[in-house]
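J.: Let's see this in three dimensions:
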Amino acid sequence: MPKKIRVGIAGARGQSIIQGLLSEPDVELAAVCDIDEDTMNRIGDTYNIPNRYRIFEDMAMSDKVDAIHIATPMETHVPYALCALEFGKHVMCEVTGGSTMDELFWLCEKVEETGLIYMYAENYCYTPEVQLVKSMVDKGMFGKPYYGVGMYLHNCSDLSTYAHNGVTSWRKYWQFGKRGNFYPTHSLGPVMTWFEGEHVTEISCFAPKGCHNDLGLRQDDGTTTMCYTDKGNVIQIRVDCTSNRPHQMTYYQLQGDKGMYQAGTGLGSGSPAVAIRTGEDPHGDQHWRPLFDFKDYLPDRYKFASDDQKNAGHGGGDFFLVHDFIQAIRDNKQPYYDVYKAAEWTAVGLLSDLSVTNGSRAIEVPHFRPKMPREEMFTKI
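T.: Prediction:
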């Protein structure tokens, strides 16, 4: 019998992957950690989790867990990941990957030093729509992609305080207290998944001048970050978490020389659509077809997902994210969404702060990769 992989979750946000863990054979949900004792016990009692910790370091040092899912406030992601890796634990970390550029370099070095698994939990990359478009890109159905768009439009300014007691939350500072694109990877990650093997090399960030939100938050009311890749392609990402508007958190476009994909508009009748040129329809790039007319191109694991897997969330995406993390541990092989993708996609957001505060100046993005030379671990402005 294979040894069970014992997973601990840190932070209440970690509940999002619990169904995925419970659906995975040979995995034990072994521990929960939360600084709030009531939250810790509520999660522990709900899922019969035997080991409970209020201090992250206590769980990281424990011999009762093999891997940890980090779902704590953003400013703790790298310190906790470094701690877990130091004590021999594999890590899956929620977005974003870090809060400073230096943290990203430390994180890459620590993963290389320990050889342990680090997976970036960018679950938007795992939605069926994103995976279907990726399959179509891989088969050349859009031709050569050269322009992509990702948007995360989610007014969550009310989260600057905690709902249950009105106390100022960490988001007031680490999200709404910053300028630029503080939350880039839900927008960027899926689009970069379609631009296989490419890296963002340069960004410029633009934002409206002045404050337009109801709470007077420092965060820009909508940022647009333009990215160049090393192949000369362009990706536009927009993030707006303060403007008064309905949510539209999964809006994407992909343009290739044989056609394009566009997500739903956010209106009630909106649905994802493609316009592609084929041998049977040489003018197909001039009219829309529903994306799921092409559902046969979905990866098999999505086509044949069980009800339990689909119920894990995001159309089965949350299950497959967890599965890939667990499989990486079993195979002792870094996952597709590894520490270097986490660092690059997070750096786009961190550097956007520098860009927008310097007149939308173009900023070079480091090329995160194994054994990155020390002399490249700095920010050029």
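J.: other SSEs contacting the worst-scoring helix or strand of the chain on mean pLDDT?
T.: In the chain, no helix or strand scores lower on mean pLDDT, DSSP states H and E than helix 307-310, which sits at a mean of 81. For helix 307-310, the elements it packs on are helix 317-331, judged by 3 or more Cβ pairs under 8 Å, 6 or more residues apart in numbering; DSSP states H and E. C-beta here means a position set from N, CA and C on the backbone, and glycine is covered the same way.
J.: Spell out the secondary structure type for residue 52.
T.: For residue 52, the assignment made with DSSP: H, G, I helix; E, B strand; the rest coil gives strand.
J.: Then the one 5 residues further on?
T.: Applying three-state DSSP to residue 57 yields a three-state assignment of helix.
J.: Confirm residue 261 sits in a strand?
T.: Yes. Counting by three-state DSSP, residue 261 falls inside a strand.
J.: so it sits right up against residue 253, yeah?
T.: Yes. Residue 261 lies in contact with residue 253 (Cβ atoms under 8 Å); the separation is 6.6 Å.
J.: quick one, which of these two is more surrounded?
T.: Each of residue 261 and residue 253 has its neighbours counted (other Cβ atoms under 10 Å); residue 261 has more, 27 against 15.
J.: Tell me which residues touch the more buried one, please.
T.: Shown in contact with residue 261 (Cβ atoms under 8 Å, 6 or more residues apart in numbering): 133, 136, 142, 252-254, 272-274, 291.
J.: If we use 7 Å, what do you get?
T.: The neighbourhood of residue 261, defined by Cβ atoms under 7 Å, 6 or more residues apart in numbering, consists of 133, 142, 253-254, 274, 291.
J.: List only those of the residues you listed flagged as buried.
T.: Buried by 16 or more other Cβ atoms under 10 Å: 133, 142, 254, 274, 291, out of these.
J.: Pull the number of nearby residues for the closest residue in space to residue 244 that isn't next to it in sequence.
T.: Distances taken as Cβ to Cβ, 6 or more residues apart in numbering put residue 155 closest to residue 244, at 6.4 Å, once the chain neighbours are dropped. By the criterion of other Cβ under 10 Å, residue 155 has 16 neighbours.
J.: longest helix anywhere in the protein?
T.: Ranked by residue count under DSSP state H, the longest helix found in the chain is helix 339-356.
J.: picking up where we left off before, what comes up buried for the least confident helix or strand of the chain?
T.: Neighbour-count burial for helix 307-310, counted by 16+ other Cβ under 10 Å, picks out 309-310.
J.: Pull it out as CSV, backbone CA atoms only.
T.: Provided in CSV are the C-alpha atoms of helix 307-310 (Å, rounded to 0.1, in the frame of the first residue of the first chain):
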residue,chain,number,x,y,z
ASP,A,307,-19.3,14.1,-9.7
ASP,A,308,-17.0,14.3,-6.6
GLN,A,309,-14.3,15.8,-8.7
LYS,A,310,-16.6,18.4,-10.3
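J.: Make residue 1 into 343 and carry on from there
T.: Yep, numbering from 343; the last one is helix 649-652 now.
J.: Compute the distance from the centre of that helix to the centre of its chain.
T.: Distance of helix 649-652 from its chain centroid, counting by Cα atoms, centre = their mean, to the nearest Å, is 21 Å.
J.: ok, residues contacting that helix?
T.: For helix 649-652, using Cβ under 7 Å, 6+ apart, the contacting residues are 365, 658, 661.
J.: change it to 10 Å
T.: With Cβ atoms under 10 Å, 6 or more residues apart in numbering as the test, helix 649-652 has contacts from 361-362, 364-366, 470, 643-644, 657-662, 664-665.
J.: Buried only: go through the residues you listed for me.
T.: By 16+ other Cβ under 10 Å, these give 361-362, 365-366, 470, 644, 657-662, 664-665 as buried.
J.: quick one on the thing from earlier: the next helix or strand after the longest helix of the chain - which strands sit beside it in the sheet, and in what orientation?
T.: Proceeding N to C from helix 681-698, the next assigned helix or strand is strand 705-706, under DSSP states H and E. Looking at strand 705-706 with DSSP bridges, its partner strands are strand 542-548 (antiparallel).
J.: What pairs with whatever helix or strand comes next after the partner strand, parallel or antiparallel?
T.: Downstream of strand 542-548, the first helix or strand assigned by DSSP H and E is strand 565-571. Under the criterion DSSP bridges, strand 565-571 sits next to strand 542-548 (antiparallel), strand 576-582 (antiparallel) in its sheet.
J.: Poorly predicted segments of the chain, please.
T.: 343-344, 607-612 (pLDDT under 70).
J.: isn't residue 480 right next to residue 536, touching?
T.: Yes. Here residue 480 reaches residue 536: they are 9.0 Å apart, a contact under Cβ atoms under 10 Å.
J.: The two: which is more packed in?
T.: Taking other Cβ under 10 Å, residue 480 and residue 536 do not tie; residue 536 has more neighbours (22 against 11).
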